[in-house]
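> Sharing a model prediction with you, sequence too.
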Amino acid sequence: MSVSAMDIIVNKVEKSRINQLDPNNIQFGKLYADHMLVAHYENGEWKQAEIVPFDNLSLSPATTFMHYGQAIFEGVKAYKDQDGNPVIFRPYDNWKRMNRSAERMAMPDVPEELFVEGMRQLVELDKAWIPTGDGTSLYIRPFMIATDEFIGVKPAEKFTFLIITSPAGPYYSKPVSIYVQDKYVRAFPGGIGFTKAAGNYGASMYPTMKIREMGYDQILWTDGYEHKYVQEIGTMNVFFVIGDKVITPNTGETILEGVTRDSVITVLRDKGIIVEERPISIDEIVAAYKAGELKEAFGTGTAASISHIAELTYHDNKMVLPNVEQAEISEWVKKELNDIRYGRKEDKHGWIVKA
Ligand SMILES: Cc1ncc(COP(=O)(O)O)c(C=O)c1O
């Protein structure tokens, strides 16, 4: 199906709710912009997409995704550039990842036009909801659910794709305290770790709750065979600065291919910094720490952008890292990416898409 700009039916709200938005107190994920995009898939094809007022969905209690978890999502951000125009950061990369998730979860491909053009039109329509100011954005949540009204276990035949958006305030990501997890597992080879399937997040809730009770913020997952190689953190990919090199686990089947991860690797390499994408064991990290070589560790993701790791605990090893002012590489990367997102620096890689 081709969804040209003309093909999306737009049904606007009678009255905007924008006055509910307090620009000085934006709480992430609490308030949604006026409109949402909805498209249904049935009989092997996507039907007419519509942009409609944000509202509740009406679904049968037998709707299949509620029982068997055929549900995937994405996370993207829109910003206002220096002239106040809405721009979206790397939506094509999220579109490609959405379809990698869709394939693994036996869900239909979302056409590029539906994902990117639909998102552009939605953001353009609700651009008043994009906050201004450094660190602010409009968070965009595309997602797809299986909507057969059938509680037998089988791949569904009906699906719904939606996009909702929510203003996000300035993200002052506080340095995080990380627990290296070697009991619970997030992802195995052959599993769904590389996807943004809802079940990956559901499975992480209990281990996360447990480490929060112990006073940590987030889990650094290790591989499921040996609990030896580190994978990723909560909703972030992970980077370590060891000596003068930056090292991040290679993605493969068990780690989400983060768009921020790729952006970080690209700008670091542009600057001539060596970045290695390879398996990295927790033993190597502990040894580097003991030798005084572990300079920085940070997480990368759309929500937090760059999150400085203050401490990393593995068994009896509590590794306390230099504070954020000394984290030269991650602070530089954070500024560089923000400069590109807000149009203060040239977008050499074609990451910015006008809404
Ligand atoms: C499990 C996981 N890893 C990493 C990331 C970072 O990915 P991105 O930079 O595309 O937001 C996310 C967030 O989407 C995530 O949920």
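Great, that's in hand. Residues are numbered from 1 along each chain as shown.

> what's near enough to touch the residue of the stretch 1-150 of the chain found nearest the ligand?
The nearest approach of the stretch 1-150 of the chain to the ligand comes at G75, 4.8 Å away (C-beta to the nearest ligand atom). For glycine as for every other residue, the C-beta is placed from the backbone atoms N, C-alpha and C. Residues near G75 by C-beta atoms under 8 Å, 6 or more residues apart in numbering: 94, 139-141, 196, 235, 301-303.

> Can you list phi and psi of it for me?
phi -140, psi 120 (degrees, to the nearest 10).

> Just flag the most distant two among the contacts of G75.
Greatest spacing in the contacts of G75, by C-beta to C-beta: I140 and T235 (15.1 Å).

> Compare the two (neighbour count), which wins?
Neighbours per residue, other C-beta atoms under 10 Å: of I140 and T235, the larger number sits with I140, 26 against 19.

> What strand or helix carries that one?
strand 137-146 (DSSP states H and E).

> Give the pairing partners of whatever helix or strand comes next after that strand; include direction for each.
As assigned by DSSP H and E, the chain's next helix or strand after strand 137-146 is strand 159-168. Strand 159-168 has the following sheet partners, assigned by DSSP bridges: strand 35-42 (antiparallel), strand 137-146 (antiparallel).

> Run me through the strand neighbours of the next helix or strand after strand 159-168, direction for each.
Where DSSP H and E defines the elements, the next helix or strand beyond strand 159-168 is strand 176-181. Next to strand 176-181 in the sheet, as set by DSSP bridges, lie strand 218-222 (parallel), strand 305-314 (parallel).

> how about the residues of the stretch 1-150 of the chain near the ligand?
Applying C-beta under 6 Å from any ligand atom, one finds that the stretch 1-150 of the chain approaches the ligand through G75.

> who wins for neighbours among the contacts of G75?
I140 (26 neighbours).

> mind listing what it touches?
Listed by C-beta under 8 Å, 6+ apart, the contact partners of I140 are 74-78, 88, 119, 122-123, 163-165.

> List the buried residues for the lengthiest helix in the chain?
Looking across the chain with DSSP state H, the single longest helix is helix 198-213. Within helix 198-213, the residues scored as buried using 16 or more other C-beta atoms under 10 Å are 198-200, 203-204, 207-208, 211.

> now the angle from that helix to strand 305-314?
Counting by axes from the mean of the first three to the mean of the last three C-alpha atoms, to 10 degrees, helix 198-213 lies at 60 degrees to strand 305-314.

> W46: how many residues sit nearby?
When neighbours are counted by other C-beta under 10 Å, W46 comes out with 20.

> Numbering from 48 from now on, please.
Sure, I'll start counting at 48 from here, so that last one is W93.

> for it, which residues make a bridge with it?
As for beta bridges, W93 partners with Y88 under DSSP bridges.

> just checking, it touches E160?
No: between W93 and E160 there is no contact under C-beta atoms under 8 Å: 9.6 Å.

> shaky segments in this structure?
Applying pLDDT under 70 to the chain flags the ranges 48-53, 219.

> For it, which segments count as helices?
When secondary structure is read from DSSP H, the chain shows helices at 111-115, 138-151, 159, 165-172, 245-260, 306-317, 329-337, 375-388.

> Now flag whichever of the contacts of G122 is closest to T301.
Of those, the one sitting nearest to T301 (C-beta to C-beta) turns out to be K243, at 13.7 Å.

> The ligand contacts on the stretch 198-347 of the chain?
Residues of the stretch 198-347 of the chain lying near the ligand (C-beta under 6 Å from any ligand atom): 279, 282-284, 303, 305-308, 347.
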